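[1] Just the structure for this:
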Amino acid sequence: MNQNLAFADYAVFIIYFIVVSTYGYTVYRKRKHDEQDAKAYFLAEGNLTWWAIGASLIASNISAEQFIGMSGEGFFLGIAVAAYEWIAAIALIIVAVWFIPVYLKNKIYTMPQFLKTRYNESTALIMAVFWLFLYVFVNLTSILYLGAVAINGLAGGEYLHVIMIGLAVFALFISLGGMKVVAYTDVIQVAVLIIGGLVTSYIALTTVGQYFGVGENAIAGFKVLMREAPEHFKMIIPKPTATSSQLDINKYLTFPGLMSYLAGIWIINLNYWGCNQYITQRALGADLQTARTGILFAGILKLLMPVIVMLPGIAAYVLYENGHLPQLVGGKDGAYSAVLTFLPTGLKGLSVAALTAAIVASLAGKVNSISTIYTLDIHKKYIQKEAGEKQQVNIGRIAVFAAMLLAVLFTWNDILGIGGVGGFTYIQKYTGFISPGVFAMFVLGMFWKRTTGAAAIVGVILGFVLSVLFNEYAPMLFGNETLLYTAYPNGKGAYEIPFHICMGLSFLFTSLVMVAMSFAGPKINPKAFDIDSEMFKLKPQTTVLIVITLLIIVALYVKFW
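    Modelled structure (predicted):
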């Protein structure tokens, strides 16, 4: 017991833990009795409903880097960071309409399998190994570290490693039961994180209203935010001029206005939602209509996420600027934790449960994808070709345990330096280096029959090389006079190109090279996917969901342009 969390907070958290664990065990027992094959374990083939798919997508996506990192960006940038969520909703529509039909018609269960079927064995193996390293050493480590740091701050600051182990064990308990357990426990997790997140945002707004003398009213508090920080309610960050401050320059480098919408933010979202085993795995075992409805349901939930993960950051900014938050531990990334201090006893426990739900759901989903790729795309093909169904499940469970153990070891003393750059930046930076090449390889492979295997291999390597050049060696390529200078908190600085623009340049040149190489190859590619217009036809109810989502996004952009 400590000064931050009271008995009632612990009680709420323990109830959450018991409910999720009991439900997960119940689903596991039923799955173990009814389904014995490997595809049931890895994909829950044919057994996920649309609402389970949609909830699992959101629960796996929203984690500590969103709660902590995006609240921090809300503190720094304002509502512009909501573009990550609202453009994601459009990306999910694109994936549901055009990507998923291609996967399901060609019986694709893993992303390396897609590459083998469409290109060749070498491309599939290269990317399978790469994805394993990326998921373990970038995604798992950052989620685990950020989550443990956030909860540790609320628990008194003395239990980092205990919390880290607790999160890992909780996620292991869920993920060892297979995809069906992960997906259905995610329904509870997403309910907890949405309810807890909304409660946190509500308290943040009423606290603002109270401090500014308009009463404990959330709507009045929101109006105070718009009045006190009008620059935080602009979706488009203006391009710096000769008279711009360093703060304005740093904001533009983080999110470069309209240029973001021409390049980086689309690549980030389409690659993440459409070419990512961790995400698409939820839908790959379902029929087309169920998968589509689930993905579109996730898109609608995405519209709500900025209220949960961004609004507390803006509230923290207004409170901080007016002296009501005298200390912000950890810079902008401390904004969410600072807001939690205003929560009354009991509700603080609910918010911690929401944060834990987001972390555990993401960890469980990630290690399940790691075990799927390792077992089906590496172990079964290259190490133990005769492995039966039960052996594959056991291998998958060993992979789950090994991946989580590695993540704990590498975050134990922050070996990778996650804490130095911030978890959200850490993930975006290192996944963003390969996103242009991977997305080019996938989208050209799906929709252009002449794309060759050689072009795919060159594309993924070239995309990475170009990303490194544009991000790390921009002064050498373009000269300082054409770049923006960013100052860092440690007193150092660098001339650079905004991250989103680097991604756009990498994708453009990588695609051009892949197209040129493919034109030089055979005109008829026997490995091209068979695509017909019937695959992309929509049912009326699906069209209605899409139109509603798009109208809401348009209204939001009109309001906050």
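[2] drop to CA atoms for contacts and neighbour counts, all remaining ones
    Noted.
[3] Share the number of residues neighbouring Ile62, please.
    23 (other CA atoms under 10 Å).
[4] Need the pLDDT of it.
    As predicted, Ile62 sits at a pLDDT of 78.
[5] do the same with Lys32
    pLDDT recorded at Lys32 is 60.
[6] For Ala399, give me its contacts.
    370-371, 374-375 (CA atoms under 8 Å, 6 or more residues apart in numbering).
[7] That one and Leu132: what is the separation?
    11 Å (CA to CA, to the nearest Å).
[8] Check Val224 too.
    46 Å.
[9] Could you do Thr452 as well?
    Taken as CA to CA, the span from Thr452 to Leu132 is 24 Å.
[10] Name the residue in those two with the higher neighbour count.
    Between Thr452 and Leu132, Thr452 has the larger neighbour count (other CA under 10 Å), namely 28 against 18.
[11] Isn't that one up against Lys116?
    No: assessed by CA atoms under 8 Å, Thr452 is found out of contact with Lys116, at 11.9 Å.
[12] Serialize the contacts of Ala399 to a markdown table and add fields for distance to Asp530 and pLDDT.
    Listed next are the contacts of Ala399 as a markdown table, based on distance: CA to CA, whole Å; pLDDT from 0 to 100:
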| residue | distance to Asp530 | pLDDT |
| --- | --- | --- |
| Ile370 | 29 | 87 |
| Ser371 | 29 | 87 |
| Tyr374 | 28 | 89 |
| Thr375 | 28 | 88 |
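[13] from these, which ones fall inside helices?
    370-371 (DSSP state H).
[14] Need the max-distance pair from the contacts of Ala399.
    Of all pairs drawn from the contacts of Ala399, the greatest distance, 8.4 Å, lies between Ile370 and Thr375 (CA to CA).
[15] At which residues are the helices of the stretch 51-200 of the chain located?
    Secondary structure of the stretch 51-200 of the chain (DSSP state H, counting those that start in this stretch): helices at 64, 71-76, 83-94, 100-105, 111-118, 121-134, 141-154, 160-175, 179-211.
[16] nearest to Gly264, of the ones you listed?
    Nearest of the helices of the stretch 51-200 of the chain (CA to CA): helix 83-94, 10.4 Å.
[17] Look up how far Gly437 lies from the most centrally placed residue in the chain.
    Centroid check for the chain by CA atoms, centre = their mean gives Asn61 as the closest residue, at 4.2 Å. Distance, Asn61 to Gly437, using CA to CA: 22 Å.
[18] same question, Lys537
    For Lys537, the distance to Gly437 - CA to CA - is 29 Å.
[19] Looking at the two, which is more packed in?
    With neighbours defined as other CA under 10 Å, Lys537 and Gly437 compare such that Gly437 has more, 32 against 13.
[20] helix or strand for Leu296, which one?
    helix 288-309 (DSSP states H and E).
[21] Quick check: what element follows that helix along the chain?
    Following helix 288-309 toward the C-terminus (DSSP H and E): helix 311-321.
[22] buried ones in that following helix?
    Within helix 311-321, the residues scored as buried using 16 or more other CA atoms under 10 Å are 311-320.
[23] And stretch 244-258, by the same measure?
    Per 16+ other CA under 10 Å, stretch 244-258 contains these buried residues: 248-257.
[24] Now do the helices in the stretch 451-561 of the chain.
    Taking DSSP H, counting those that start in this stretch as the criterion, the stretch 451-561 of the chain carries its helices at 453-472, 474-478, 499-519, 540-560.
[25] relative to helix 111-118, how tilted is the first one?
    In this structure, helix 453-472 runs at an angle of 140 degrees to helix 111-118, with axes from the mean of the first three to the mean of the last three CA atoms, to 10 degrees as the basis.
[26] Do me a favour and average the pLDDT over helix 453-472.
    On average, helix 453-472 scores 90.
[27] who does it touch, helix- and strand-wise?
    helix 121-134, helix 435-447, helix 499-519 (3 or more CA pairs under 8 Å, 6 or more residues apart in numbering; DSSP states H and E).
[28] Return that helix as PDB; C-alpha atoms alone will do.
    Provided in PDB are the C-alpha atoms of helix 453-472 (Å, rounded to 0.1, in the frame of the first residue of the first chain):
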ATOM      1  CA  GLY A 453      10.300 -12.100 -56.600                       C
ATOM      2  CA  ALA A 454      13.600 -10.400 -57.400                       C
ATOM      3  CA  ALA A 455      12.000  -7.000 -57.400                       C
ATOM      4  CA  ALA A 456      10.400  -7.800 -54.000                       C
ATOM      5  CA  ILE A 457      13.700  -8.700 -52.400                       C
ATOM      6  CA  VAL A 458      15.400  -5.700 -53.800                       C
ATOM      7  CA  GLY A 459      12.500  -3.500 -52.700                       C
ATOM      8  CA  VAL A 460      12.500  -4.500 -49.100                       C
ATOM      9  CA  ILE A 461      16.300  -4.000 -48.800                       C
ATOM     10  CA  LEU A 462      16.300  -0.800 -50.800                       C
ATOM     11  CA  GLY A 463      13.400   0.600 -48.700                       C
ATOM     12  CA  PHE A 464      15.400   0.000 -45.600                       C
ATOM     13  CA  VAL A 465      18.600   1.500 -47.000                       C
ATOM     14  CA  LEU A 466      16.800   4.600 -48.300                       C
ATOM     15  CA  SER A 467      15.000   5.100 -45.000                       C
ATOM     16  CA  VAL A 468      18.400   5.100 -43.200                       C
ATOM     17  CA  LEU A 469      19.800   7.500 -45.700                       C
ATOM     18  CA  PHE A 470      16.900  10.000 -45.600                       C
ATOM     19  CA  ASN A 471      16.600   9.800 -41.800                       C
ATOM     20  CA  GLU A 472      20.200   9.600 -40.700                       C
END
